[in-house]
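Engineer: dropping the sequence and predicted coords here.
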Amino acid sequence: FILAGNFLTHGGVAKRMIYFATSMVGHLRGGLGLSSVFACALFAAVSGSSPATVVAIGSILLPAMVKAGYPKKFGVGVIASAGGLGILIPPSIVMVMYAVSTNSSIGALFMAGVIPGLLLALFLSFTTWYVAKKGNYPRELPATWAQRWDAFRKAIWGLLLILVVMGGIYSGLFTPTEAAAMSAVYAFFIAVFVYKDIGMKDVPKVLLNSANMSAMLLYIITNAVLFSFILTNEQIPQGIAEWLTHSGVGVIGFLIAVNILLLVMGSFMEPSSIILITAPILFPIAMKLGIDPIHFGVMITVNMEIGMITPPVGLNLYVASGIAKMGLTDCSKAVWPWLLTMLLFLMVITYIPAVSTWLPKTLGMM
């Protein structure tokens with residue numbers, strides 16, 4: 001999935017998705033902001049990475065927004081927060097990390113992320129529209145249906161990757177691991193031979209970047225598995241679970257505590273590291289309290305999304321700051337309306353498990 005995302009980021013898939021998104025929603029108030037959310041959701045469904053989504057969409061749409069007369073802080077706020085969809089809408093690298101740490105079903109997790117991902121995109125779109133309406137920001141000229149069809153036709157090869165991954169996993173044609181391999185081959189094919197945005201001479205660079213990121217994640221996984229083994233061997237999670245069960249904290253109290261812990265950690269650490277350190281401790285306790293493992297995984301993923309835009313170490317803030325040439329403090333101030341929206345969304349995901357579990361249960365994956 002990392003390799004597929006890198007081929008698509010280096011290729012022109014993001015540009016075509018932005019063109020399609022703008023043709024559909026650009027005529028509404030704050031049209032380019034809404035296009036950013038829509039484009040981030042589409043690109044998230046093929047990249048699996050939050051920073052990659054911010055880079056791919058932000059580097060094109062941020063300058064376009066400033067040129068169209070939007071305040072720079074509005075553009076930063078929209079793209080930094082909507083970029084977080086990259087780790088909620090499947091395929092998600094963070095969900096793979098959670099599945100590896102807890103021995104959960106990657107396929108069920110991917111399906112569980114679909115409805116929350118679309119719902120969050122809707123929440124963020126509403127906030128974007130409201131801020132734009134309040135500030136009386138511009139809108140684009142309405143696109144004709146012919147222009148929309150042309151935009152869709154040009155973006156179709158990138159959008160088909162969503163069907164390759166999700167359709168293949170759901171139909172049982174291949175496992176999530178095989179889906180990752182298929183998506184990498186497909187992304188290589190469309191980037192090099194269909195869109196021709198990168199040549200064969202650029203392929204080694206993409207492979208090297210992917211290998212670097214994979215090596216970093218595999219090193220973290222190796223240490224996390226060792227950490228998990230030691231914890232289990234010393235009966236630490238079981239001891240905490242027993243204490244929580246007898247102290248009468250209950251499911252609601254436990255979920256509140258987990259959210260607070262992850263939000264604090266998310267402000268200082270990178271998502272994959274947090275999951276691989278905390279999951280071996282929190283997962284057995286959640287199971288003991290009767291919390292669904294798939295619901296728990298989606299809740300943790302949403303916490304990681306919020307962590308991407310909370311200072312001082314919010315990764316999306318740094319990426320957006322670099323693209324917009326704005327200070328980190330200004331970027332942190334810019335995201336607050338969307339940050340509040342995401343915190344509200346976290347409450348919905350935490351206390352209404354059906355939002356996460358309905359689709360995988362309906363598809364018979366749970």
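Structural biologist: Done, it's in.
Engineer: where's residue 279 relative to residue 111, distance?
Structural biologist: Residue 279 is 20 Å from residue 111, where distance means Cβ to Cβ, to the nearest Å. All C-beta spots, glycine's among them, are computed from the backbone N, C-alpha and C.
Engineer: show me where pLDDT drops low in the stretch 101-250 of the chain?
Structural biologist: Residue ranges of the stretch 101-250 of the chain with pLDDT under 70: 217, 220-221, 224-225, 227-228, 231-232, 237-238, 240-242, 244-245.
Engineer: can you pull the contacts of the residue nearest to residue 283 when sequence neighbours are not counted?
Structural biologist: Distances taken as Cβ to Cβ, 6 or more residues apart in numbering put residue 102 closest to residue 283, at 4.6 Å, once the chain neighbours are dropped. Shown in contact with residue 102 (Cβ atoms under 8 Å, 6 or more residues apart in numbering): 279-280, 283, 293, 297.
Engineer: top of the residues you listed by neighbour count?
Structural biologist: Within those, most neighbours by other Cβ atoms under 10 Å means residue 297, with 30 neighbours.
Engineer: give me the pLDDT for that one.
Structural biologist: pLDDT, residue 297: 94.
Engineer: from memory it sits against residue 97, does it?
Structural biologist: No. Counting by Cβ atoms under 8 Å, residue 297 stays clear of residue 97, with 9.9 Å between them.
Engineer: list phi and psi for residue 63.
Structural biologist: phi -60, psi -40 (degrees, to the nearest 10).
Engineer: now residue 309
Structural biologist: Torsion angles, degrees, to the nearest 10, at residue 309: phi -120, psi 20.
Engineer: model confidence for the nearest residue to it once chain neighbours are set aside, exactly?
Structural biologist: In space, and not counting its chain neighbours, residue 309 is closest to residue 335: 4.8 Å by Cβ to Cβ, 6+ apart. pLDDT for residue 335: 93.
Engineer: dump the residue contacts of residue 359.
Structural biologist: So residue 359 contacts 111-112, 114-115 (Cβ under 8 Å, 6+ apart).
Engineer: mind listing what's buried in the helix or strand harbouring residue 180?
Structural biologist: Element membership of residue 180 [criterion: DSSP states H and E] is helix 176-189. Within helix 176-189, the residues scored as buried using 16 or more other Cβ atoms under 10 Å are 176, 179-180, 182-184, 186-188.
Engineer: so which of the contacts of residue 359 is the most crowded?
Structural biologist: Busiest of the contacts of residue 359 [other Cβ under 10 Å] is residue 112, holding 32 neighbours.
Engineer: the host helix or strand of that one: which residues count as buried?
Structural biologist: In this assignment (DSSP H and E), residue 112 forms part of helix 106-135. The neighbour-count check on helix 106-135 (16+ other Cβ under 10 Å) flags 106-117, 120-121, 123-125, 127-129, 131-132 as buried.
Engineer: go on, stretch 315-323?
Structural biologist: 315-321, 323.
Engineer: could you do stretch 61-77 as well?
Structural biologist: 61-62, 64-65, 68, 70, 72, 74-77.
Engineer: if we can go back for a sec, so which of the contacts of residue 102 sits lowest on pLDDT?
Structural biologist: residue 280 (81).
Engineer: hmm, that residue is touching residue 101, no?
Structural biologist: Yes. With contact defined as Cβ under 8 Å, residue 280 counts as touching residue 101 (6.2 Å).
Engineer: now the residue nearest to residue 309: how far from residue 107?
Structural biologist: Residue 335 sits 32 Å away from residue 107, going by Cβ to Cβ.
Engineer: how big is the angle separating the helix or strand containing residue 216 from helix 176-189?
Structural biologist: For residue 216, the host element (DSSP H and E) is helix 203-233. When axes from the mean of the first three to the mean of the last three Cα atoms, to 10 degrees is applied, the directions of helix 203-233 and helix 176-189 differ by 160 degrees.
Engineer: packing partners of helix 203-233?
Structural biologist: When contacts are defined as 3 or more Cβ pairs under 8 Å, 6 or more residues apart in numbering; DSSP states H and E, helix 203-233 sits against helix 2-10, helix 93-102, helix 271-288.
Engineer: figure out which of these is closest to residue 261.
Structural biologist: When the helices and strands packed on helix 203-233 are compared by Cβ to Cβ, helix 271-288 sits nearest residue 261, at 7.3 Å.
Engineer: measure the closest residue to residue 69 other than its chain neighbours to residue 90 for me?
Structural biologist: Of all residues not flanking residue 69 in the chain, residue 138 sits nearest, at 5.3 Å (Cβ to Cβ, 6+ apart). Counting by Cβ to Cβ, the gap from residue 138 to residue 90 is 34 Å.
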